[in-house]
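Undergrad: quick one, fold the following:
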Amino acid sequence: MADKRPRPPLIGCSPLLRPKSPKLCDLAGMSELRTWGEAFAQDLLAFRENRIRWEDVDPGVVVHGPPGTGKSTFAKALAASCEVPLIAASYARWQRHREGHLGDVLGAMELDFRAAESHAPCILAIDELDSIPTRRPGDDRQAWWIPVVNALLERLSGAIARQGVAVIGICNDPSRLDPALLRAGRLDRLIYVPMPGSGDIPQILRFHLEQAEVDRLGDLSRFSVSCFGMTGADLGKLVRDARRHARILKRTLNIEDFYAVLEPRKRDVDEDRRVAIHEAGHAVAAVRLEKADGMHVSIIDRGGGSGRTFIGSGHQLITRDSFTKTLTVLLAGRAAEEVLLGSISGGAGGGPSSDLAAATRAAIDAIANLGLGETSSIVWYGTSVMERPALPYRGAMAKEVDVILSAAYAEARALITNDATAVIAVTDALIERRCLAEAEIRSLVGSGRPVRSLVD
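TA: Sure, this is the predicted structure:
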């Protein structure tokens, strides 16, 4: 007689978790992903109550974005909210299985999917999904990657069912994924997790703090401006570092501990004023040219010595006028140094994220890809132009880029000259407060005022 006793659930290659927290409601800075997760949780409940079929539930999603933005945390929050187990897999775990030969990797993948099915309903999260590259003809490791990709495709759909198993793919760069992974019925939804916005940072800080600490610190909105540009992981580290600073001083955590670890060294007075003038130039130009939505400015030295001006990207149609204004804002920091101090520093230049690099890339992109150049040429050069700007940046295009940047810089100098008093007002406020939000900057800028130069 056949043994009809229920079999115990299988144990996979990767750890099986039963997270209780955080929940989806605790997450900040990922509104689109939270909306998807909440809808998925409702569908999963309906499936468990036999009100809908599994075919009516989203089969999974690819979550992508910069490192540290909480993509893996989302998988735990989704499992906690749905009250289902989570298998935390990755290609690295699969390759560490046994001897790591191809058969071992495929076996580990199979084992995790079978374990997820035995615990269904279950969430299987595959971290670092972009470690599994697309199948490319001519790739010297094609003999390895084709079976890996094909096995994953087979498990995501096809003859082998995965009833009750939702797959969450997690990666930084979805362009590396094989297109077949993203086709309808597999991981057919891509959701981007952005850097935290200004309204998200206080909530993320509160998540990492104890309730007694939150009560003692009070409103974190003002301090949050100092943290703009930090990921959720960065904010968690900031809380740990601030606690350590407080412990060293043998006191309870307070806001000064956060500022102390945010800016462990202070610039000298002259350097600090130059940095403030530079960032104030960006800020005033952004307000005057209506490019200041969501702007935050900080001169807190978080490493590298420079300040930061953050402006919301928005989804505006790019025209020649809007693109020219963007260039003017990018170059207004350098212009402020020249107009108000009579000299310039290398603060506008440097790496690929510097003002000059960003302005040059934008000018090349406008000419080579968007058809917004001043000449009659509307040749499209392709995205490789942005990856290797030195190739097209010669001849007629080099001259046109130089003309566009020179005109934008002249406009920036004229704007700063006419608005010097507003730039100085923002500068003084930055030196005193170290960071300013959009509303504070707009209040300081106000209407245009007479010129006041700082040149001796």
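
Undergrad: give me the element the most centrally placed residue in the chain is part of.
TA: Geometric centre of the chain, nearest residue: M195, 3.5 Å, by C-alpha atoms, centre = their mean. Of the helices and strands defined by DSSP states H and E, none includes M195.

Undergrad: doesn't M30 make contact with it?
TA: No - M195 lies out of contact with M30 (C-beta atoms under 8 Å); the separation is 10.4 Å. In short, each C-beta sits where N, CA and C put it, glycine included.

Undergrad: common neighbours of the two, please.
TA: In terms of C-beta atoms under 8 Å, 6 or more residues apart in numbering, M195 and M30 are both contacted by the residues T69.

Undergrad: quick one, strands of the chain?
TA: For the chain, applying DSSP state E gives strands covering 16-17, 60-64, 86-90, 122-127, 165-171, 190-192, 296-298, 308-310, 435-437.

Undergrad: so which of these comes closest to T319?
TA: Nearest of the strands of the chain to T319, taken as C-beta to C-beta: strand 308-310 at 22.6 Å.

Undergrad: strands paired with that closest one, and their directions?
TA: Here strand 308-310 is paired, per DSSP bridges, with strand 296-298 (antiparallel).

Undergrad: wait, doesn't L24 sit right on E83?
TA: No - checked against C-beta under 8 Å, the pair L24 and E83 is beyond contact range at 11.9 Å.

Undergrad: pLDDT-wise, which helix or strand of the chain ranks last?
TA: Lowest on mean pLDDT, DSSP states H and E among the helices and strands of the chain sits helix 384-387, with a mean of 50.

Undergrad: so how far is L430 from E154?
TA: To L430, E154 is 58 Å away according to C-beta to C-beta, to the nearest Å.

Undergrad: neighbour count for these two, which is higher?
TA: Taking other C-beta atoms under 10 Å, E154 and L430 do not tie; L430 has more neighbours (28 against 14).

Undergrad: with adjacent residues omitted, what lies nearest to that one?
TA: Sequence neighbours aside, A276 is the residue nearest to L430 in space, at 4.3 Å (criterion: C-beta to C-beta, 6 or more residues apart in numbering).

Undergrad: wait, what's in contact with that neighbour?
TA: For A276, the contact set (C-beta under 8 Å, 6+ apart) comprises I299, G307, V426, T427, D428, L430, I431.

Undergrad: nearest to D268, of the strands of the chain?
TA: strand 296-298 (18.3 Å).

Undergrad: if we can go back for a sec, and which of the contacts of A276 is nearest to E210?
TA: For the contacts of A276, the nearest to E210 is I299 (30.5 Å; C-beta to C-beta).

Undergrad: what about that closest one, neighbour count?
TA: Neighbours of I299 (other C-beta under 10 Å): 27.

Undergrad: that one reaches G307, doesn't it?
TA: Yes - applying C-beta under 8 Å, one finds I299 in contact with G307, separated by 4.0 Å.

Undergrad: and for these two, which residues touch both?
TA: Taking C-beta under 8 Å, 6+ apart as the contact rule, the neighbours common to I299 and G307 are V275, A276, E279, L430.

Undergrad: just the residues you listed now: which is nearest D112?
TA: For the shared contacts of I299 and G307, the minimum distance to D112 (C-beta to C-beta) is 48.9 Å, reached by E279.

Undergrad: what sits against that closest one?
TA: V297, S298, I299, G307, R308, T309, G333, L430.

Undergrad: any idea how far it lies from A125?
TA: E279 is 40 Å from A125, by C-beta to C-beta.

Undergrad: with S175 instead?
TA: 21 Å.

Undergrad: more crowded one of those two?
TA: Using other C-beta under 10 Å as the criterion, S175 and A125 rank with A125 on top: 27 against 8.

Undergrad: contact partners for the more buried one?
TA: S72, A75, L86, I87, A88, A89, V167, I168, I170.

Undergrad: picking that back up, would CSV of the strands of the chain with mean pLDDT and distance to D112 be doable?
TA: CSV is the format used below for the strands of the chain (pLDDT from 0 to 100; distance: least, C-beta to C-beta, whole Å):
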stretch, mean pLDDT, distance to D112
strand 16-17, 95, 10
strand 60-64, 95, 14
strand 86-90, 97, 5
strand 122-127, 97, 6
strand 165-171, 96, 10
strand 190-192, 96, 22
strand 296-298, 90, 42
strand 308-310, 85, 40
strand 435-437, 90, 45
